[in-house]
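Participant: Give me coordinates for this.
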Amino acid sequence: GMPWHLRYLGQPEIGDKNRHALVRNCVDIATSDNLTDFLVEMGFRMDHEFVAKGHVFRKGIMKIVVYKIFRILMPGNTESIEPLSLSYLVELNVVAPAGQDVVSDDMRNFAEQLKPLVHLEKIDPKRLM
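Facilitator: Got it, this is the predicted structure:
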């Protein structure tokens with residue numbers, strides 16, 4: 001019964017190495033519940049799926065998401081899950097117009113407040129593949 005949405009994340013911008021945050025284009029689209037059928041018809045295939053359970057917090061335009069990632073034991077059945085790890089993932093993101101580098105400073109200041117409990121860092125998506 002939860003709403004479906006599709007998010008496209010573009011490639012990270014190549015920019016200043018001193019920038020405190022990873023910057024990329026983002027397109028969010030609200031969809032109907034037959035999204036998976038549509039994507040299969042377009043030629044996409046399922047690579048992996050997971051369940052994220054947690055909490056969403058807001059501070060101004062910043063969105064802070066604290067959640068655990070769960071592995072789905074039986075494909076398509078989101079009730080049959082097990083935690084991938086005992087740790088929580090903390091994600092901090094902001095949707096802002098292009099050229100708003102001051103926002104990354106706000107993100108860094110907020111991240112400093114979470115130390116030593118949480119260590120926020122930029123993740124290089126190429127390193128994960």
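Participant: Doesn't residue 109 belong to a helix?
Facilitator: Yes: Residue 109 sits within a helix when classified using DSSP: H, G, I helix; E, B strand; the rest coil.
Participant: can you pull the contacts of the spatially most central residue of the chain?
Facilitator: By C-alpha atoms, centre = their mean, the chain has its centre lying nearest to residue 91, at 6.7 Å. Shown in contact with residue 91 (C-beta atoms under 8 Å, 6 or more residues apart in numbering): 64, 65, 66, 67. Using the backbone N, CA and C atoms, a C-beta is placed for each residue, glycine as well.
Participant: surely the first one meets residue 88?
Facilitator: No: the pair residue 64 / residue 88 is not scored as a contact, 11.6 Å apart, by C-beta atoms under 8 Å.
Participant: which element is residue 76 on?
Facilitator: Assigned by DSSP states H and E, residue 76 falls within no helix or strand.
Participant: mind checking how far it is from residue 31?
Facilitator: 18 Å (C-beta to C-beta, to the nearest Å).
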